[in-house]
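J.: I would like the atomic coordinates for the input below:
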Amino acid sequence: TAPFGWRSAAPRRVDEELTGLGLGDVGVRGIAAGLRKAPNSALGELCLGSNGVGDAGAAAIAECLASPDSALRRLSLCNNHIGDVGAAALAAALAKNTMLEELDLWGNPISPEGRRLILASAKCEVFLTSGQVRRSEPFTPVNAKMRGILFDWIAQVHTGVSAPMALDVAPDPQEMLFQTFSHMDAYMALQPVARSDLQLVGVACTLTAAGLSTAAGSGEEMELASWLAFVTDGSYSAEDVAAAAGCVRQVLGFHLHQPTAYTFLRRYLRRTGWTEESFSLANYLLELAAVDSTFRAERPQTVAAAAAVLSRQYVAQGVNIRQMPRWKTKLLRCVQADLRHELAPCVAAMSRLHARQQPRQELFVNKKYEWARLHRVATLKPNAPMDAAYFERYMRFD
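T.: Take a look at the predicted model:
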């Protein structure tokens, strides 16, 4: 281990993106020591995924989180070797921490008990699983056309002008929408759903994504359940919606705690630069992809990165961008995707989707992004679709 002794020393400057460097527990203890010193103590985001971090490394990071001086808002420890001992250390720190907003823990061998301990302690969003949920027993899935209609309708529900306070003042309405999409796909992958119950599944997943108290007689939950029952034109009662939401929670379990494509989009745009116009365009492209079932085969990280790339292609039509040095290198480092076989084909597919779907005025997503407050990005003429080879060359030149 002598040649790697440098890893245990506290670095003068801690970079926010340290994924896949093979740091191990020794290196992460050095990072933790570095976080206690200026200017690293002001670091707001830290990615330590895929570093072979075990319980000892998790405990070192937990000490940082427990400090009242911790400035971290987003921390990724995904795809490591953290078990229940490390989870207990993190849970104890999370009980004290009020600054952290997001914690990635998927891809770690934490038991159900360890996961529940973390969820009970955390005041932030904790992501415990990631990736497409797959059913163990085959059954006839909801077809692409029905799914598309359902998702487009749910997007409309989420922008309802008479929505109750619980829906209208969500901390981030777009995150709640994409959580709803995620819950719907996961539930329909695990449970057979009759066509007549698709609306019920959609509103039940909306109620679940709202994250309201599920205690008996909870006023906020029942108020939202009543409104969601109303938007089904009386097909279901508030009690039906609440009961269906309970079923969603039971079936999905820890799959309720997954990052969405929108979660990753926000992270990537913070690294690569954005403007209000480019942010709206990226969200529009992301929603188009969410409604289209073919993008379910892609990782949410890849879909988010594709939207980030395409949102920078419309400067000629007035979509200003923020110039960031080496933004392509930063994005590729964050996404951890194979450019030739994963990211470039996804960008090309999204460009084709945009060209195909933008003229369809019957789609609510197109109507939504014609609004002035969303910078009318749905009125932009789509660029001519380019193939994957073009986007591979584009991303290699930084």
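
J.: switch to C-alpha atoms for all contacts and neighbour counts from now on
T.: Fine.

J.: give the next helix or strand downstream of the lowest-mean-pLDDT helix or strand in the chain.
T.: Ranked by mean pLDDT, DSSP states H and E, the helix or strand of the chain with the weakest confidence is helix 165-168, at a mean of 61. Scanning forward in sequence from helix 165-168 by DSSP states H and E, the next helix or strand is helix 173-190.

J.: for that following helix, which helices and strands make contact with it?
T.: helix 144-158, helix 198-210, helix 238-252, helix 261-272 (3 or more CA pairs under 8 Å, 6 or more residues apart in numbering; DSSP states H and E).

J.: the ones you listed: which one's closest to residue 38?
T.: Minimum separation from residue 38 across those (CA to CA) falls at helix 261-272, 21.4 Å.

J.: low pLDDT regions in this structure?
T.: 1-9, 134-140, 161-162, 165-170, 213-218 (pLDDT under 70).

J.: can you list the helices and strands packed on helix 173-190 in CSV and add distance to residue 289 and mean neighbour count?
T.: Below are those laid out as CSV (distance: least, CA to CA, whole Å; neighbours: other CA atoms under 10 Å):
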stretch, distance to residue 289, mean neighbour count
helix 144-158, 10, 18
helix 198-210, 18, 25
helix 238-252, 23, 18
helix 261-272, 10, 20
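
J.: what's the following helix or strand after the helix or strand residue 309 falls within?
T.: Taking DSSP H and E as the definition, residue 309 sits inside helix 300-310. Downstream of helix 300-310, the next assigned helix or strand under DSSP H and E is helix 327-335.

J.: how about stretch 79-94: buried residues?
T.: Within stretch 79-94, the residues scored as buried using 16 or more other CA atoms under 10 Å are 79-94.

J.: typo on my end, it should be stretch 22-41
T.: Under the neighbour-count criterion of 16+ other CA under 10 Å, stretch 22-41 has 22-36, 40-41 buried.

J.: tabulate the CA atom coordinates of stretch 324-336 in PDB.
T.: Only the C-alpha atoms of stretch 324-336 are listed here, as PDB (Å, rounded to 0.1, in the frame of the first residue of the first chain):
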ATOM      1  CA  MET A 324     -18.800  27.100 -19.100                       C
ATOM      2  CA  PRO A 325     -15.200  25.900 -19.800                       C
ATOM      3  CA  ARG A 326     -14.900  22.200 -20.600                       C
ATOM      4  CA  TRP A 327     -18.600  21.600 -20.000                       C
ATOM      5  CA  LYS A 328     -18.600  18.500 -22.200                       C
ATOM      6  CA  THR A 329     -15.800  16.900 -20.200                       C
ATOM      7  CA  LYS A 330     -17.700  17.700 -17.000                       C
ATOM      8  CA  LEU A 331     -20.900  16.200 -18.300                       C
ATOM      9  CA  LEU A 332     -19.300  13.000 -19.500                       C
ATOM     10  CA  ARG A 333     -17.500  12.700 -16.100                       C
ATOM     11  CA  CYS A 334     -20.800  13.100 -14.200                       C
ATOM     12  CA  VAL A 335     -22.900  10.800 -16.400                       C
ATOM     13  CA  GLN A 336     -20.400   7.900 -16.500                       C
END
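
J.: list the buried ones in that stretch?
T.: Quick answer for stretch 324-336 (16+ other CA under 10 Å): 327, 328, 330, 331, 332, 334, 335.

J.: so what touches it?
T.: Outside stretch 324-336, the residues within contact range by CA atoms under 8 Å, 6 or more residues apart in numbering are 17, 19, 268, 271-273, 301-302, 305, 339, 395-396, 398.

J.: of those, which is the most crowded?
T.: Comparing those by number of neighbours (other CA atoms under 10 Å), residue 305 comes first, having 28 neighbours.

J.: quick check: the gap between it and residue 350.
T.: 11 Å (CA to CA, to the nearest Å).

J.: swap in residue 373?
T.: 24 Å.

J.: repeat that for residue 93.
T.: Residue 93 sits 41 Å away from residue 350, going by CA to CA.

J.: and for residue 19?
T.: Residue 19 is 27 Å from residue 350, where distance means CA to CA.

J.: likewise residue 369?
T.: For residue 369 relative to residue 350 (CA to CA), the value is 17 Å.

J.: mind listing what residue 82 touches?
T.: Here residue 82 is in contact with 53, 54, 55, 58, 108, 109, 110 (CA under 8 Å, 6+ apart).

J.: now residue 22
T.: By CA under 8 Å, 6+ apart, the residues touching residue 22 are 50, 51, 52.

J.: and which of these is nearest to residue 262?
T.: Using CA to CA, the contacts of residue 22 come closest to residue 262 at residue 50, 21.7 Å.

J.: surely that closest one is within a strand?
T.: No: using DSSP: H, G, I helix; E, B strand; the rest coil, the secondary structure at residue 50 is coil, not a strand.

J.: for burial, what's the neighbour tally of it?
T.: 21.

J.: that one and residue 107, how far apart?
T.: 9 Å.

J.: now do the shared contacts for the two.
T.: By CA under 8 Å, 6+ apart, residue 50 and residue 107 have these common neighbours: 78, 79, 80.

J.: dump the residue contacts of the second one.
T.: Contact analysis of residue 79 by CA under 8 Å, 6+ apart lists 49, 50, 51, 52, 105, 106, 107, 108.

J.: in JSON lines: those, plus distance to residue 344.
T.: Listed next are the contacts of residue 79 as JSON lines, based on distance: CA to CA, whole Å:
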{"residue": "49", "distance to residue 344": "23"}
{"residue": "50", "distance to residue 344": "23"}
{"residue": "51", "distance to residue 344": "26"}
{"residue": "52", "distance to residue 344": "28"}
{"residue": "105", "distance to residue 344": "27"}
{"residue": "106", "distance to residue 344": "25"}
{"residue": "107", "distance to residue 344": "25"}
{"residue": "108", "distance to residue 344": "29"}
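
J.: just the residues you listed now: which is nearest residue 155?
T.: Nearest member of these to residue 155, counting by CA to CA, is residue 106, at 27.5 Å.

J.: neighbours of that closest one, how many?
T.: When neighbours are counted by other CA under 10 Å, residue 106 registers 23.
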